[in-house]
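Chemist: Quick one: sequence and predicted model below, then my questions.
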Amino acid sequence: MSTDSDTSSRGGGGSFREITRDRLLNEMLRSTRNKGSTWKVLIMDKLTVKIMSSSCKMGDITEQGVSLVEDLYKRRQPLPSMDAIYFMQPIKENIQIFMSDMSGKRPLYKKAYIFFSSPIQKEWVPQIKKDSSVSTRLGGLSEMNLEYFAVDSQGFVTDHDKALEELFTENEEGSMNYNSCINTMATRIATVFASMREFPRVHYRVARTIDASTLTTLQDLVPTKLAASVWNCMARYKSTIPEFPQTETCELLIVDRSIDQIAPIMHEWTYDAMCHDLLGMDGNKYVQEVPNKTGSGTEKKEVLLEDHDPIWLELRDVHVADANLRLHEKMSNFISKNKAAQLHQARAGGELSTKELQKMVRALPQYTDQIDKLSLHVEIAEKLFGIIKQQHLKDVGQLEQDLVFGNAGSKELIDFFRTHQDISRENKLRLLMIYAAINPEKIQSEKGTKLMQLAGLSADDMIAVNNMRCLCAHETKKSSKGGFPLKFEIRKKKRGIRKERVGEESTWMLSRFYPILEDLIEKLSKGELPKDEYHCMSDPSSSFRGISSSLSARTSPAHQPAQSMRSRRTGGTWARPRNSDDGYSSDSVLKHASSDMRKLGRRLFIFVVGGATRSELRAVHKLSSKLQREIILGSSSLDDPANFITKLKMMSTEQLSLDDLQI
């Protein structure tokens, strides 16, 4: 059996997603083109369909000689004259279906080429080959070692949408899935390094409740256990994949959602984040209304907001106001260079609406693609600004940032709830969750009760507020009986949990917030991660469980008080000089991770257990340009605020410690 990951061109040019696409198309599909039948059937399970669709289009697949794509679990028509390519997980059910397909006198296909998404258990290979009717029809058996989902040129997920529930829920029922989730997640993370031909130096956040007076909880050990499991997978790759690096070639940092509970809740004001937060998109799918072929009405059209769209690539990480300015500039430039467009503008009375732009597609077919993309983003920008105005999001966002940076407290929050009765319940909930994270002890007091009543929150909403404690690594079993037990550092000074970034002030309104991951990436790049908070698997002093020494619970960077002198009235504006360099310009987007950038430093990988955010993905894009390093963000899922809040509501609050469960 071969491991296809040994022939990849990892380490060369191209973005992370491009390397992933290249492996799927070239190493898997193209490798069978000159073997057997000219056209082949591609058969996948539910997981591998998602893997393939995250990096490749249907046109890419057919170009490699695939005429039909089938679902492994559905009944399929026999095609005995054609060969089949199976891309599937190496699990018992899948292998049994494959054996049934290819055994006996009348197999479904002439010959089969199997590509497993991750390493197969050793005992399964002899069982496949011992059936002579199957083995004679077997064209190849390979481990692709590719079981992750590229969501961006620098991002991937492992598709563990229930990681918060399975790893941070504190009851016995939830703990049953704990080890299974950790091991599967580690296997999928490891396949990223198989694809990139990288051997990581694995750093991880250690359990913070390690001292004689506290009990280490299972959720606090998540990064430690995941790091150990990834390390074990890499040890296997070193011995099974030919020419796999034997020493560390890159850096991997594993953290969990407890490092920054605020980032998933904040309103992020970049174009990408606003689209996913406010438009109710399904993944990257946006439903656009376009004129129908007769021109008498409209029809719905699904479009993907992804890297293949140059306008999306330019705008995704810029402030939504800047995006709007750039779109108007693009429209003006297009009209100024096109007489037919000027005629349409004159007929429209000087202002081209989204509908007018869409009509221009029929009049100017040579510019269809350009106008299509421009009209799409003009429509999106119009919708975003309509929602921002309708929901008073400028006021909500200002208060959010003032709370985070210590410029506002309970008084301002109470005044806001009293004077903004028309604010949506979800936005009030998000404000209260931010306040609870900064002032946990006040939520239990009369002041907390008053805030809940003023916000008009339901009991279901309050579950999300209370369950934020499940993400806090500082609680003990004793403290859990008292209600809301977050253990942020208590001081009488302003209770902000962010410091102003020196030298990075932006004139854009509401651009002060940054995720803690941004600080951690910079420290990882410089080799300055605090050794008492972050251990390394290759360090002899590190232990598997991370509890070999007695360490006091320490305050992480996320919990340091703010020292901002900026008043609540100071902030950015909705316009700034175009030559401003605050990390949000299109020039800061890492469009291609070239070999030149690789020469400047090792790749940096960061994995967040429990869901990453759009603000963290934006930080990765920004820092890749700033640090001149290829940085790749991985997570169990990529969550928008509504998803994250829903997941918090699904979590149980019963405490479970190591004394309650053997691991």
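Modeler: Yes, it's here.
Chemist: CA atoms for contacts and neighbours, from now on please.
Modeler: Noted.
Chemist: Quick check: longest helix in the protein by residues?
Modeler: The residue-count maximum for a helix in the chain (DSSP state H) belongs to helix 368-390.
Chemist: Report the next helix or strand after that helix in sequence order.
Modeler: Toward the C-terminal end, the helix or strand that comes next after helix 368-390 (DSSP states H and E) is helix 393-404.
Chemist: continuing past that next one, what's the next helix or strand?
Modeler: Proceeding N to C from helix 393-404, the next assigned helix or strand is helix 410-419, under DSSP H and E.
Chemist: for the helix or strand that that following helix is followed by, packing partners?
Modeler: Later in the chain than helix 410-419, the nearest helix or strand by DSSP H and E is helix 425-438. In terms of contacts (3 or more Cα pairs under 8 Å, 6 or more residues apart in numbering; DSSP states H and E), helix 425-438 is packed against helix 393-404, helix 446-455, helix 459-466.
Chemist: Comparing those helices by mean pLDDT, which bottoms out?
Modeler: Note on the helices and strands packed on helix 425-438: lowest mean pLDDT is at helix 446-455, with a mean of 80.
Chemist: What ranges in the stretch 1-150 of the chain fall below the confidence cut-off?
Modeler: For the stretch 1-150 of the chain, applying pLDDT under 70 flags the ranges 1-14.
Chemist: now the helices for it?
Modeler: Taking DSSP state H, counting those that start in this stretch, the helices of the stretch 1-150 of the chain run over residues 16-22, 46-55, 58-62, 92-102, 124-130, 132-135.
Chemist: what about the nearest residue to residue 45 once chain neighbours are set aside, neighbour count?
Modeler: Among residues not flanking residue 45 along the chain, residue 72 sits closest, at 5.2 Å (Cα to Cα, 6 or more residues apart in numbering). Close neighbours of residue 72, defined as other Cα atoms under 10 Å, add up to 20.
Chemist: ok now do residue 72, which residues does it touch?
Modeler: By Cα atoms under 8 Å, 6 or more residues apart in numbering, the residues touching residue 72 are 43-45, 94, 97.
Chemist: ditto for residue 151
Modeler: If you count contacts by Cα under 8 Å, 6+ apart, residue 151 has them with 17, 54, 157.
Chemist: again with residue 146
Modeler: Residues in contact with residue 146 (Cα under 8 Å, 6+ apart) are 117-118, 188, 191-192, 194-195.
Chemist: What subset of those residues is buried?
Modeler: 117-118, 188, 191-192, 194-195 (16 or more other Cα atoms under 10 Å).
Chemist: and which of those residues is nearest residue 536?
Modeler: Here the nearest of those to residue 536, counting by Cα to Cα, is residue 192; it sits at 19.1 Å.
Chemist: is it true that that closest one touches residue 148?
Modeler: Yes. At 6.9 Å, residue 192 counts as touching residue 148 under the criterion of Cα atoms under 8 Å.
Chemist: list residues touching both of the two?
Modeler: Between them, residue 192 and residue 148 share no contacting residue under Cα under 8 Å, 6+ apart.
Chemist: how much space is there between residue 448 and residue 302?
Modeler: The spacing between residue 448 and residue 302, counted by Cα to Cα, to the nearest Å, is 44 Å.
Chemist: Look at the two and report which has more neighbours.
Modeler: residue 448 (19 against 11).
Chemist: Now the terminal residues of stretch 258-266, how far apart.
Modeler: 15 Å.
Chemist: Next, the buried residues of that stretch.
Modeler: Across stretch 258-266, burial judged by 16+ other Cα under 10 Å covers 258-266.
Chemist: Which helix or which strand is home to residue 313?
Modeler: If you go by DSSP H and E, residue 313 is part of helix 310-315.
Chemist: That helix packs against which elements?
Modeler: Against helix 310-315 (3+ Cα pairs under 8 Å, 6+ apart) you get helix 368-390.
Chemist: How far away from the center of its chain is the helix it packs on?
Modeler: Taking Cα atoms, centre = their mean, to the nearest Å, the mean C-alpha location of helix 368-390 is offset from the chain mean by 24 Å.
Chemist: So which other helices or strands are in contact with it?
Modeler: Applying 3+ Cα pairs under 8 Å, 6+ apart, we find helix 368-390 packed against helix 271-278, helix 310-315, helix 320-336, helix 354-363.
Chemist: For residue 422, which of those helices is the nearest?
Modeler: Of all those, helix 271-278 sits nearest to residue 422, with 17.1 Å by Cα to Cα.
Chemist: what's the average pLDDT for the longest helix of the chain?
Modeler: 89.
Chemist: Tabulate the CA atom coordinates of it in CSV.
Modeler: C-alpha atoms of helix 368-390 as CSV (Å, rounded to 0.1, in the frame of the first residue of the first chain):
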residue,chain,number,x,y,z
THR,A,368,-20.7,40.3,-18.0
ASP,A,369,-18.3,38.8,-15.4
GLN,A,370,-17.0,42.2,-14.3
ILE,A,371,-20.4,43.8,-13.9
ASP,A,372,-21.8,40.6,-12.3
LYS,A,373,-19.2,40.8,-9.5
LEU,A,374,-19.5,44.5,-9.1
SER,A,375,-23.3,44.4,-8.9
LEU,A,376,-23.1,41.5,-6.4
HIS,A,377,-21.0,43.4,-4.0
VAL,A,378,-22.8,46.7,-4.5
GLU,A,379,-26.0,44.8,-3.5
ILE,A,380,-24.3,43.3,-0.5
ALA,A,381,-22.9,46.6,0.7
GLU,A,382,-26.4,48.2,0.4
LYS,A,383,-27.9,45.4,2.5
LEU,A,384,-25.2,45.6,5.1
PHE,A,385,-25.6,49.4,5.6
GLY,A,386,-29.4,49.0,5.7
ILE,A,387,-29.0,46.4,8.6
ILE,A,388,-26.4,48.5,10.4
LYS,A,389,-28.8,51.5,10.4
GLN,A,390,-31.9,49.5,11.2
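Chemist: re the thing from before, quick check: strands, which of the buried ones among the contacts of residue 146 are part of them?
Modeler: If you go by DSSP state E, the buried ones among the contacts of residue 146 have nothing in strands.
Chemist: Out of the residues you listed, which comes closest to residue 306?
Modeler: The closest of the buried ones among the contacts of residue 146 to residue 306 turns out to be residue 192 (Cα to Cα; 20.6 Å).
Chemist: got the contact list for the closest one?
Modeler: So residue 192 contacts 145-148 (Cα under 8 Å, 6+ apart).
Chemist: export the residues you listed to a markdown table and tack on distance to residue 126?
Modeler: Listed next are the contacts of residue 192 as a markdown table, based on distance: Cα to Cα, whole Å:
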| residue | distance to residue 126 |
| --- | --- |
| 145 | 20 |
| 146 | 23 |
| 147 | 23 |
| 148 | 27 |
